[in-house]
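**Student:** sequence and predicted model, in that order:
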Amino acid sequence: MRWSPPGISDIPRGVIPNRWDLLAVPLILGILFLFAAGARQMTQPLAAPQAIALSLDPAYLPVYALRTTLRMLVAMGFSLLFTFTYATAAAKSRRAELVLIPVLDVLQSVPVLGYVSFAVTFFLALFPGSVLGAEFAAIFAIFTSQAWNMAFSFYQSLRTVPPDLQEVSRSFRFTAWQRFWRLEVPFAMPSLIWNMMMSMSGGWFFVVASEAIAVGSHTVSLPGVGSYVALAIDQRDLGAIGWAVVTMLAVILIYDQLLFRPLVAWADKFRVELSVGQIGPESWLLRLFRRTRLLNTAAAPLGRALRRISIWPGPRFAAGRSGSSSSPRMRALGEAIWYAIVAAITALIVWRAAVTVSGELGWSDLWTALWLGAITLLRVAVLITFASLIWVPVGVRIGMKPNLAQTAQPIAQFLAAFPANLLFPIMVFLIVRFGLNQDVWLSLLMILGAQWYILFNVVAGASAFPNDLKDAASNLHISGWQWWRQVGLPGVFPYYITGAITASGGCWNAAIVAEAVSWGDTHLEAHGLGAYIAAATVHGDFPRIVLGIAVMSLYVILTNRLLWRPLYQLAVRRFRFD
């Protein structure tokens with residue numbers, strides 16, 4: 001009997017590529033090759049980036065863009081890990097929430113440059129002699145611009161899961177692990193993806209500061225779009241700034257098509273619907289991958305593994321706020337001990353800050369900082385109000401029309417990603433040329449980046465709005481202001497509060513660079529706590545820096561406790577979809 005080689009009919013159908021595989025496989029391999037090349041450059045010796053000076057030649061921008069994008073994607077991965085752990089702990093435990101949410105309020109308001117100062121020393125010591133230390137310091141700075149917004153979004157989603165869905169999960173006897181992966185994460189996914197887009201875009205502003213790392217008496221400038229922009233601003237090269245903006249636009253369009261648009265289209269299946277939905281968002285890349293044969297066969301084991309993880313009972317976590325089986329007396333004792341520990345730690349921090357500043361500063365310095373903080377607080381309140389009046393209606397319209405959302409999505413991403421510090425010279429010129437009021441017109445620089453948190457969160461809320469409720473409002477002929485008052489605004493209110501909280505923190509963060517701006521020899525300052533801290537930083541006045549940050553944290557915590565948190569509880573109690 002003669003042996004004959006197997007024919008085509010003997011090969012399993014799943015391993016025979018089709019015409020869609022011929023497009024998808026080279027695309028994936030090309031992306032992996034580019035990222036591998038960028039990762040290899042991130043592990044060079046530390047002397048390499050010092051020896052090779054940055055160039056403003058536009059021919060280097062593709063390589064710089066690859067390095068910057070890789071840093072932002074790595075930071076996004078760490079931000080997701082932080083979100084799934086930190087926000088979940090805050091949403092599931094009342095005791096943890098007491099500490100974690102105020103800490104998050106402060107963290108999002110502390111300037112990113114405040115994190116870089118200690119991160120550089122830590123990471124360079126962790127990776128001595130390697131540029132990887134500087135890379136991780138830059139990634140950490142970008143992480144601090146991404147994680148807080150995503151954590152607030154996920155926390156809000158976990159707190160607003162409809163009770164009927166929770167009841168269904170209990171009927172199926174889901175464990176805490178199964179409920180998290182099969183109910184809570186899918187429910188939070190549409191909002192989380194929109195906030196990931198906002199975080200990715202917002203990270204571009206901080207890339208400029210994070211890619212120039214100070215090491216002793218000199219600076220390690222990591223190759224990237226941010227360091228390119230910083231060099232162009234330093235040399236006043238408007239042409240180079242124009243090339244950087246074009247590069248940013250190209251990169252945003254690429255990762256919009258290859259990452260976020262497929263994610264938005266994929267996450268549309270997690271929307272809460274009781275009726276047949278309208279045509280959802282689409283992605284040519286997602287359709288391409290769904291039509292492939294070889295890739296789907298290769299990815300099938302990964303899909304089965306992820307499914308096993310989601311249905312695995314998991315470790316026996318505590319059931320949550322209401323799942324404790326201890327007696328009321330023991331719970332009360334535990335609460336008292338926990339509150340005492342938190343109060344003791346808070347008192348220790350306040351005492352150490354007071355000792356730090358009391359040696360050189362007096363009561364007049366405290367009143368000055370409090371007065372300047374009140375001015376900045378008023379500025380933040382006015383800006384958030386105006387931004388809300390503009391972007392809430394726009395966000396509702398975009399989110400409720402998938403076709404419009406697909407067109408507006410890359411535009412909004414680019415506007416959110418545009419580094420506001422590129423507009424500082426223009427604002428300085430206009431203020432000086434026309435004799436404008438610095439306290440009024442410099443305030444606009446604070447909201448340039450923060451306003452997009454409101455837009456993206458409102459778009460996420462409107463996108464998750466159930467079609468059956470929209471159909472009911474249409475059948476009842478609810479329109480005009482009545483529609484906004486009874487349908488539109490209540491439907492996006494929980495998402496708006498999340499966006500307003502993060503936008504408020506972003507305004508406080510931006511105050512330090514927006515209330516004191518320079519272009520060449522021209523320096524302008526507005527009255528406010530941000531200018532106070534900026535001046536103290538320039539003069540190396542550490543006690544006043546500590547005092548300014550402490551007063552800023554105090555105002556942020558009081559605002560969130562007295563305004564945003566009550567509104568947030570109202571949103572959870574009255575305006576979630578039950």
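**Tutor:** Perfect, thanks for sending it.
**Student:** how many neighbours does residue 461 have?
**Tutor:** In terms of burial, residue 461 registers 29 neighbours under the definition other C-beta atoms under 10 Å. In short, each C-beta sits where N, CA and C put it, glycine included.
**Student:** quick check, it in contact with residue 497.
**Tutor:** No - here residue 461 does not reach residue 497: they are 9.8 Å apart, not a contact under C-beta atoms under 8 Å.
**Student:** how about residue 489, nearest residue that isn't a chain neighbour?
**Tutor:** Nearest-residue entry for residue 489: residue 392, 7.5 Å, with adjacent residues in sequence omitted and distances by C-beta to C-beta, 6 or more residues apart in numbering.
**Student:** mind checking pLDDT for that neighbour?
**Tutor:** Residue 392 is assigned a predicted lDDT (pLDDT) of 91.
**Student:** and if you look at the one 10 residues further on?
**Tutor:** Residue-level confidence at residue 402 comes out at 72, pLDDT.
**Student:** before we move on, what about residue 345?
**Tutor:** 75.
**Student:** what separation do you get for it and residue 351?
**Tutor:** When distance is defined by C-beta to C-beta, to the nearest Å, residue 345 is 11 Å away from residue 351.
**Student:** show me whatever sits in contact with both of those two.
**Tutor:** Overlap of the contact sets of residue 345 and residue 351 (by C-beta atoms under 8 Å, 6 or more residues apart in numbering) is empty.
**Student:** any idea which element residue 391 lies in?
**Tutor:** helix 363-399 (DSSP states H and E).
**Student:** helices or strands up against that helix?
**Tutor:** Helix 363-399 is packed against helix 402-417, helix 444-463, helix 489-514, helix 529-538, helix 542-559, with contacts defined by 3 or more C-beta pairs under 8 Å, 6 or more residues apart in numbering; DSSP states H and E.
**Student:** format those as TSV; extra columns: distance to residue 229.
**Tutor:** Listed next are these as TSV, based on distance: least, C-beta to C-beta, whole Å:
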stretch	distance to residue 229
helix 402-417	12
helix 444-463	15
helix 489-514	14
helix 529-538	20
helix 542-559	26
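**Student:** for residue 87, which of those helices is the nearest?
**Tutor:** Between residue 87 and these, the shortest separation by C-beta to C-beta is 11.1 Å, and it involves helix 489-514.
**Student:** and the angle for the closest one with helix 363-399?
**Tutor:** Angular relation of helix 489-514 and helix 363-399 on a 0 to 180 degree scale: 130 degrees, by axes from the mean of the first three to the mean of the last three C-alpha atoms, to 10 degrees.
**Student:** report the angle between helix 489-514 and helix 542-559.
**Tutor:** 170 degrees.
**Student:** what residues sit buried inside helix 489-514?
**Tutor:** Taking 16 or more other C-beta atoms under 10 Å as the neighbour-count basis, helix 489-514 is seen to contain the buried residues 489, 491-514.
**Student:** after the lowest-mean-pLDDT helix or strand in the chain, next one along is what?
**Tutor:** For the chain, using mean pLDDT, DSSP states H and E, the weakest element among its helices and strands is helix 47-51, scoring a mean of 48. Scanning the chain past helix 47-51 towards its C-terminal end, the next helix or strand to appear is helix 61-82 (assignment: DSSP H and E).
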